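**Q** show me how the following folds:
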Amino acid sequence: MAKGRRNRPDPEPKIGEGGAALTDDRKKQLAGYISEIERIDAEIEPLRADQKAMYESAKDTGFDTRAIRFIVKKRKVAKDKQAAFEAVVDVYQHALGMLADLPLGQAALPGGHGRARPALADGADHALARQLDGGVSLRRPS
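**A** Below is the predicted model of the structure:
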């Protein structure tokens, strides 16, 4: 038989990352947290049922519930965070050529696919425009 310690339960169980002893006060505190979480769950359940009924009603009238869920989720995100995220997605899509089928995406491609591009307003960054346009200057002839 191998020598070693048997797995004996601690006489005073500990909880949490700090390993605090489970005193009577801590037991009451734990019971309070659990009781409150259960109460909140009981309040949420009817709301979830109402939400499910709304999605079913939308589906019955011909709406795409997947799209509705996406919109609801998107509207929860803070506006500034959403704008920053969408800007990054647009950059990635442009880098992958995923926007090339849109008019604005075609205009952003080098040479603009043979389309005439509008002249830049005075004071615009012409060097940046040349770089984006594959080295072709967009400056109006003087």
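**Q** tell me where the model's unsure across this protein.
**A** Applying pLDDT under 70 to the chain flags the ranges 1-18, 105-106, 108-142.
**Q** mind running it again at 90?
**A** Low-confidence segments of the chain (pLDDT under 90): 1-27, 73-86, 90-91, 93-142.
**Q** would you map the strands across it?
**A** Assigned by DSSP state E, the strands in the chain fall at 14-15, 20-21.
**Q** domain parsing of this structure, as residue ranges.
**A** 21-76, 77-111+127-133 (automatic domain parsing).
**Q** mean neighbour count for these - can I get that in a markdown table?
**A** C-beta coordinates here come from the backbone N, C-alpha and C atoms, glycine included. Shown next, in a markdown table, are those (neighbours: other C-beta atoms under 10 Å):
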| stretch | mean neighbour count |
| --- | --- |
| domain 21-76 | 11 |
| domain 77-111+127-133 | 12 |
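**Q** and the longest helix seen in the chain, what does it pack onto?
**A** Criterion DSSP state H: the longest helix present in the chain is helix 24-60. Here helix 24-60 touches helix 65-76, going by 3 or more C-beta pairs under 8 Å, 6 or more residues apart in numbering; DSSP states H and E.
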